[in-house]
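A.B. asks: from the sequence below, what's the structure:
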Amino acid sequence: MSDFRQDFLRFALDCQVLKFGEFTTKAGRQSPYFFNAGLFNDGASALQLARFYAEAIIHSKIEFDMLFGPAYKGIILAAATAMMLAERGINVPFAYNRKEAKDHGEGGVLVGAPLAGRVLIIDDVISAGTSVRESVRLIEAAGATPAAVAIALDRMEKGTGEQSAVQEVEQQYGLPVAAIATLDDLFALLRAEESEALTAYLPALTAYRERYGVSAA
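C.D. replies: Here you go, the predicted model:
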């Protein structure tokens, strides 16, 4: 497991973005863990999150010309990640969309740099793929090319069928998905932990993966 993945998961635990217990997912499943990227909600945590996105993007070796953040969570992710990439010597433009078209000023639903070239979509997670689908539509309508998707955590569990939501996006749109960390990385972290409070969740997490999990592509 790459250091940045382990560091990211520890960071998410420290911020209580990643929690263990009993949670009901959007799909109605009883999950032993919950990840809520919306809780990276202050300057320091958002800055550190963007550093991890930048690290994951660079590590993935995906080729892209600009970033796109789907409203609303993707807006801060795209802007902050662009800043952190610039800090690493990769200065690229970014854009995002509004939920509703603006009927005055510059108008339209797009804000920021014009969509052009190869566009990397940045979001927190992929659940039903709705956000990616809308982003792809906007990017292609502008004459640009969707290049890939970057997310924080890949839960590696079944979506509507036997594939994961991430695998469905990769197959449907032909887009590689780069995650800062995956469920496999979380297992690796827990197995390496010396804290009984954390390793105690391994049996429940294992049972959940056996029921809903998918293997990496």
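A.B. asks: got a list of contacts for the strand or helix carrying residue 86?
C.D. replies: Residue 86 belongs to helix 73-87 when elements are defined using DSSP states H and E. Outside helix 73-87, the residues within contact range by C-beta atoms under 8 Å, 6 or more residues apart in numbering are 37-38, 46-47, 49-51, 53-54, 57-58, 67-69, 91-96, 121-124, 131, 135, 150. For the C-beta atoms, the positions are set from N, CA and C on the backbone; glycine is no exception.
A.B. asks: and that helix, what's buried?
C.D. replies: Along helix 73-87, these residues count as buried under the neighbour rule (16 or more other C-beta atoms under 10 Å): 73-82, 84-85.
A.B. asks: next secondary structure element downstream of the strand or helix carrying residue 98?
C.D. replies: For residue 98, the enclosing helix or strand under DSSP H and E is strand 94-102. Using DSSP H and E, the helix or strand that follows strand 94-102 in sequence is strand 108-112.
A.B. asks: parallel or antiparallel, which strands does that following strand pair with?
C.D. replies: strand 94-102 (antiparallel) (DSSP bridges).
A.B. asks: surely residue 165 meets residue 127?
C.D. replies: Yes - between residue 165 and residue 127 there is a contact at 5.8 Å, judged by C-beta atoms under 8 Å.
A.B. asks: counting neighbours, go ahead and name the busier of these two.
C.D. replies: residue 165 (24 against 15; other C-beta atoms under 10 Å).
A.B. asks: which residues touch the more buried one?
C.D. replies: 126-129, 155, 157, 159.
A.B. asks: quick one on the thing from earlier: so which of the contacts of helix 73-87 are in strands?
C.D. replies: 67-69, 94-96, 121-122, 150 (DSSP state E).
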